[in-house]
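# Based on what follows, work out the 3D shape:
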Amino acid sequence: YNEIITPRGGTYQVVLADGTKVWLNADSKLTFPQQFAKAKREVTLIGEAYFEVAKSKDRPFVVRTAGQEIAVLGTSFNVAAYEGELSEQTTLVEGKIVVATSQNTHQLSPGEQALIKANEITIGKVDTAPFVAWKSGFIAFNEETLEHIMGDISRWYDVDVHFEGVDKQLRFGGTVSRYANVSEVLRRLELTGQVHFKISERRIVVTP
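Numbers count the residues shown, from 1 in each chain. Model prediction:
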């Protein structure tokens, strides 16, 4: 088995033995065999990745995370399954996939997202663009919580984040290049008037 581990602040693209393309986001790990078995193609993910699965009618492609198993024949989808997060997200861009936990199984259609929390699966319609924007070098949030946004910023820019007296459930939207300086990203959030940031080396303090 091979392992690819991306550091905080880094991304990586790999083509697997079957031709499947995988984009690995920051602070993530992908485990996969050098050659896939004849009956099934299986990989394990911790963190976030975007998959463009090579079609193979007789060999399903399976992505395992801590909370779910995703089975597909050929499609494009994004999986966010970071350690320490309360939930996992699987967002289908095209094709069809089956998402399963130990208690539930659901088939997704394009434009749908499975939210996995405590072994329960909730299916909803979403605009897929913000969930795959990272693959093209953008930070995009569609009414995400401050806690979620700062978690992503922490991974993307390799910084430590601390909250002081601010509501972590405040929600924000917007898009900015992830190659911009972190101060530019934070300035966009400050323009809302709801949060402020103090930056000291690799530490960010979030205040009301």
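
# Return the residues in contact with the residue nearest to residue 170 when sequence neighbours are not counted.
Beyond its immediate neighbours in the sequence, the residue positioned closest to residue 170 (C-beta to C-beta, 6 or more residues apart in numbering) is residue 146, lying 4.5 Å away. C-beta: built from backbone N, CA, C; applies to glycine. Taking C-beta atoms under 8 Å, 6 or more residues apart in numbering as the definition of contact, the neighbours of residue 146 are 166-172, 195, 206.

# And the residue nearest the centre of the chain, what's its pLDDT?
With distances taken as C-alpha atoms, centre = their mean, residue 80 lies nearest the centre of the chain, 3.0 Å away. If you check residue 80, the pLDDT there is 97.

# And what about it, helix, strand or coil?
Going by DSSP: H, G, I helix; E, B strand; the rest coil, the secondary structure assigned to residue 80 is strand.

# again with residue 168
Three states are possible here, and by three-state DSSP the one that applies to residue 168 is coil.

# can you check the one 4 residues further on too?
Following three-state DSSP, the label given to residue 172 is strand.

# That one: neighbour count?
Residue 172 has 17 neighbouring residues, counting by other C-beta atoms under 10 Å.

# One more: residue 78?
For residue 78, the count of nearby residues is 22 (other C-beta under 10 Å).

# Name whatever forms a beta bridge with it.
Partner residues in beta bridges with residue 78, using DSSP bridges, are residue 50, residue 91.

# Also residue 69?
The partner residues for residue 69, given DSSP bridges, come to residue 64, residue 100.

# Do I have it right that it meets residue 60?
No - the pair residue 69 and residue 60 does not pass the contact test of C-beta atoms under 8 Å, sitting 10.6 Å apart.

# higher neighbour count, the two?
residue 60 (18 against 15).

# Could you list the low-pLDDT ranges of this structure?
For the chain, applying pLDDT under 70 flags no range at all.

# tell me how far the longest helix seen in it is from the chain's mean position?
For the chain, the helix reaching the highest residue count under DSSP state H is reported as helix 146-157. Relative to its chain's centre, helix 146-157 lies at 12 Å (C-alpha atoms, centre = their mean, to the nearest Å).

# quick one: contacts for residue 205?
Per C-beta under 8 Å, 6+ apart, neighbours of residue 205: 162-164, 197-198.

# Sorry, wrong one. I was asking about residue 178.
With contact taken as C-beta under 8 Å, 6+ apart, residue 178 is in contact with 134, 137-139, 156.

# Out of those, which sit inside helices?
residue 156.
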